[in-house]
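**Student:** A structural model of the following input is requested.
(chains A and B)
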Amino acid sequence: DAGVIQSPRHEVTEMGQEVTLRCKPISGHNSLFWYRQTMMRGLELLIYFNNNVPIDDSGMPEDRFSAKMPNASFSTLKIQPSEPRDSAVYFCASSFLDSSTDTQYFGPGTRLTVL
Amino acid sequence: RKEVEQDPGPFNVPEGATVAFNCTYSNSASQSFFWYRQDCRKEPKLLMSVYSSGNEDGRFTAQLNRASQYISLLIRDSKLSDSATYLCVVTGGYNKLIFGAGTRLAVHP
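**Tutor:** So this is what the prediction gives:
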């Protein structure tokens, strides 16, 4: 079975440019999560969706960040305009939320470098 | 204070050694607890869930002490392939996971 798919795997861009990260969750999963990982701050939850609806976006750093989930098989995380401090690895994860399990499965991540 | 605290390490141990990692969490309402493993430049992967009664999976044993808000992971007979960062994880409500910063383990020949 295919796991969580993220694209691109690497992105290098210049400050001020728009960046769009993409995620395809595992088929059948109803929850999707966007995380950011840096050496300084570790792994931080940015936003998560349940049944395509944003549930908690309290981790989104600022208005430059936005996330959408137009359907159950696709989500985007957009940064506009990007800044050097946005450089990090961005992970998408998905899970099937029910009463018995909440294991999250992570994608391979997108390594973003903003120059 | 961080919600989940771990010793960052690194723990440098020889093959065959037994090594233990500890973790404390601040939210007494947390319901679920996990250890994830993350290899260098890879994504985190679930290693095992942690139950109040303690649980074992091969060479790995996890323990939870709710009263002390403390979680542990014991690895017996360390292998070179165990070298990774081990992330302590607790739930923060409605399927939300809170990750510790991780403990690095390096197993050498």
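**Student:** Would you mind giving the secondary structure of the residue most central in space within chain A?
**Tutor:** Geometric centre of chain A, nearest residue: residue A:34, 2.9 Å, by Cα atoms, centre = their mean. The three-state label for residue A:34, taken from DSSP: H, G, I helix; E, B strand; the rest coil, comes out as strand.
**Student:** how close does it get to residue A:4?
**Tutor:** Using Cβ to Cβ, to the nearest Å, we find residue A:34 at a distance of 11 Å from residue A:4. Bear in mind the C-beta positions are built from the backbone N, C-alpha and C, glycine included.
**Student:** cool, residue B:86 as well?
**Tutor:** Residue B:86 sits 21 Å away from residue A:4, going by Cβ to Cβ.
**Student:** Residue A:85 belongs to a strand, doesn't it?
**Tutor:** No: counting by three-state DSSP, residue A:85 is not part of a strand but helix.
**Student:** Quick one: neighbours of it, just the number.
**Tutor:** 11 (other Cβ atoms under 10 Å in any protein chain shown).
**Student:** Ok, residue A:106 next?
**Tutor:** 22.
**Student:** and the residue lying closest to it once chain neighbours are set aside, how many neighbours does it have?
**Tutor:** Spatial nearest neighbour of residue A:106, chain neighbours left out: residue B:43 (3.8 Å); criterion: Cβ to Cβ, 6 or more residues apart in numbering or on different chains. Counted with other Cβ under 10 Å, residues neighbouring residue B:43 total 21.
**Student:** and what of the one 3 residues further on?
**Tutor:** A total of 15 residues lie near residue B:46 under the criterion other Cβ under 10 Å.
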